[in-house]
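Trainee: Give the three-dimensional model of this entry:
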Amino acid sequence: MKLHLRLLALLAVFALLTTACGDDSDDSSGGGGDAAADSSSDDSSNDDSSSDDSDDAGSDDSGDMAADGDAGCGLGNGQEATGDPIKVGAVVGATGPADFSSASKATAAYFACVNANGGINGRPIDYQVEDDQWDPAVAATVARGLVEDEGVVAMIGSTSFVECAANADYYEEQNVLVIAGVGVPRECFHSRNISPTNQGPRLSGIGAAQWAVEQGAESLACVSNVIPNFGAWVCEGITAYGDSVGVPVSSFNGAPDLSDAETIVLQAMEADTDAVVVVEPGPGVVGYINIAAAQGDETPWYGPTSSYDLSVPAAVDQRWIDDNFAMQIELVELDSAGPHNTLWGEVMDKYGNDSDPRDSFSQAGLLAALVFVDALLGLDPAAIDRNSVTDVVRAIEGFETDLMCGDWYFGDGDRHQANHAGRIVQIVPDGIGFETIKDCHEVLDPELADILAAEG
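Mentor: Numbers count the residues shown, from 1 in each chain. Alright, predicted model coming up:
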């Protein structure tokens, strides 16, 4: 039911984005959204997560919640940080077409855990989250409030369809770095001062396309939307991959509110390809594949990580359970017993709210917070300011974590894409509703050539 409500919430997105994204003026105004600066939650659950075994990946700073402190949360000493707060910001799309703030909620929960365990060598993190309402003008306004009025040292856990394009140049001018919880449009991955922890929709879609080809598909259709620097960029990536392996790709980009989804599905069916890859937010994926099932389409469809949501198996047509609908995921399985993933569950239970999502985007928000705190703990707490934080965050390299298939880094390049390997899962009728059918593999996007060359 929640997924269907979120699908209905997308009904306004097409008109909003196609009008607002056309205006890149800095002289804009709009509501600033609510700051989410609470460092703890009173209504969160204290249930511990447990597993029978554990993975080998992960840093030494993770582990079980301890009685006298929370191991894995900064200093882990169980002492509330009382020093001068360190201001950190984020911009998310919390209200408007849909709530896209899952990552920042995990970031907030981890920062609350850090603050309860000594902070950054005694200094607590004052985390302020602003809602851009899916409006580029509002995104620009609230970012300037955080950077200039509040004086944040960095932006951590941001998740938005519009803010990367609205603020990338501004962040570079202000020497502010962003560890995005979830990067969405192209600008999130092609900006000097923004580095996401996720793969983004393009790589997620290409990974799904690779799986389709491995299953024997010799032609593909890409279905996405007309959001600027989203749908076209995604389908161009799948086409580039297809060209590299001799597989033709037909592209069909529809309205983000799915108002023309039936037409798009019929066009994809008429293309008569061997498989269809749909890249949309989770509710959009469900909408498309259910329409395809209603049309009697027997072509296999594949999805991106946005459909890796525990509510999806109950929302899809029975056909997709019987046929084991498969998708590329950008981070580790939600039920993984790895140390950082276990820490994620424990932190969300103890410091998050029961209503906070437990999904891939939440995992990404925890990862953004983890790497940030790890970097700041190496600084003299008295000398922490925007310049010192920018220097130490840009220098992050080789951060080992079980949350993704490789190490995370920021780097000194003009664009960033540390996460470029994923897994394939499929819907099943038991367990958490998903099972892994292919472990870590590189996504074959020709656009990654510069990233891979820089990595050596």
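Trainee: which residues touch the residue nearest to the spatial centre of the chain?
Mentor: Most central in the chain under Cα atoms, centre = their mean is Val182, positioned 2.7 Å from the mean C-alpha point. By Cβ atoms under 8 Å, 6 or more residues apart in numbering, the residues touching Val182 are 100, 102-103, 159, 196-198, 361, 364-365. For every residue, glycine as well, the C-beta is placed using N, CA and C.
Trainee: switch the cut-off to 6 Å
Mentor: 103, 159, 198, 361, 364 (Cβ atoms under 6 Å, 6 or more residues apart in numbering).
Trainee: mind checking the backbone torsions on the third one?
Mentor: Just to be clear, that refers to Asn198. Main-chain torsions, Asn198, degrees, to the nearest 10: phi -100, psi -180.
Trainee: which residue ranges form the helices in the stretch 301-450 of the chain?
Mentor: 312-315, 318-322, 339-351, 360-376, 386-394, 449-455 (DSSP state H, counting those that start in this stretch).
Trainee: Return the most buried member of those helices.
Mentor: Most buried of these, by mean neighbour count (mean count of other Cβ atoms under 10 Å): helix 360-376, with a mean of 28.
Trainee: pLDDT on that helix, on average?
Mentor: Regarding helix 360-376, the rounded mean pLDDT is 97.
Trainee: distance between that helix and the chain's centre?
Mentor: The gap between where helix 360-376 is centred and where its chain is centred comes out at 11 Å by Cα atoms, centre = their mean, to the nearest Å.
Trainee: Report the backbone C-alpha coordinates of that helix in CSV.
Mentor: These are the backbone C-alpha positions of helix 360-376, laid out as CSV (Å, rounded to 0.1, in the frame of the first residue of the first chain):
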residue,chain,number,x,y,z
SER,A,360,19.4,0.6,-0.3
PHE,A,361,19.3,4.4,-0.1
SER,A,362,19.3,4.2,3.7
GLN,A,363,22.5,2.0,3.5
ALA,A,364,24.0,4.7,1.2
GLY,A,365,23.3,7.4,3.8
LEU,A,366,25.0,5.4,6.5
LEU,A,367,28.0,4.9,4.2
ALA,A,368,28.3,8.6,3.5
ALA,A,369,28.3,9.3,7.3
LEU,A,370,30.8,6.6,8.0
VAL,A,371,33.4,7.8,5.6
PHE,A,372,32.9,11.4,6.8
VAL,A,373,33.3,10.7,10.5
ASP,A,374,36.3,8.4,9.8
ALA,A,375,38.0,11.3,8.0
LEU,A,376,37.2,14.0,10.6
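Trainee: what sits up against that helix?
Mentor: 74, 102-104, 106-107, 110, 114, 120, 156-157, 179, 181-182, 197-198, 305, 308, 331, 344, 392-393, 396, 399, 403, 408.
Trainee: relative to helix 386-394, how tilted is that helix?
Mentor: 120 degrees (axes from the mean of the first three to the mean of the last three Cα atoms, to 10 degrees).
Trainee: Okay, angle between helix 360-376 and helix 339-351 too, please.
Mentor: 100 degrees.
Trainee: ok, longest strand in the chain?
Mentor: Taking DSSP state E as the criterion, the chain has its longest strand at strand 434-442.
Trainee: Go through it and flag the buried ones.
Mentor: By neighbour count on 16 or more other Cβ atoms under 10 Å, the buried set for strand 434-442 is 434, 438, 441.
Trainee: from the middle of its chain, how far away would that strand be?
Mentor: 18 Å.
Trainee: Kindly report the same for stretch 396-415.
Mentor: 15 Å.
Trainee: what comes into contact with that stretch?
Mentor: 55, 57-59, 190, 192, 195, 331-332, 338, 340-341, 363, 367, 371, 375, 393-394, 418-419, 421, 440, 454.
Trainee: and Trp134, which of the three is it?
Mentor: Using DSSP: H, G, I helix; E, B strand; the rest coil, the structure places Trp134 in coil.
Trainee: Isn't it up against Ala98?
Mentor: No - contact between Trp134 and Ala98 fails when scored by Cβ atoms under 6 Å: they sit 8.0 Å apart.
Trainee: circling back to that earlier point, could you dump the buried residues of strand 434-442 to a markdown table with distance to Leu266?
Mentor: Output for the buried residues of strand 434-442, formatted as a markdown table (distance: Cβ to Cβ, whole Å):
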| residue | distance to Leu266 |
| --- | --- |
| Phe434 | 29 |
| Lys438 | 31 |
| His441 | 33 |
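Trainee: Using a markdown table, please lay out those together with pLDDT.
Mentor: Formatted as a markdown table, these follow (pLDDT from 0 to 100):
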| residue | pLDDT |
| --- | --- |
| Phe434 | 97 |
| Lys438 | 98 |
| His441 | 98 |
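Trainee: with the residues you listed in mind, which one is nearest to Glu172?
Mentor: His441 (33.1 Å; Cβ to Cβ).
Trainee: Cheers, nothing more for now.
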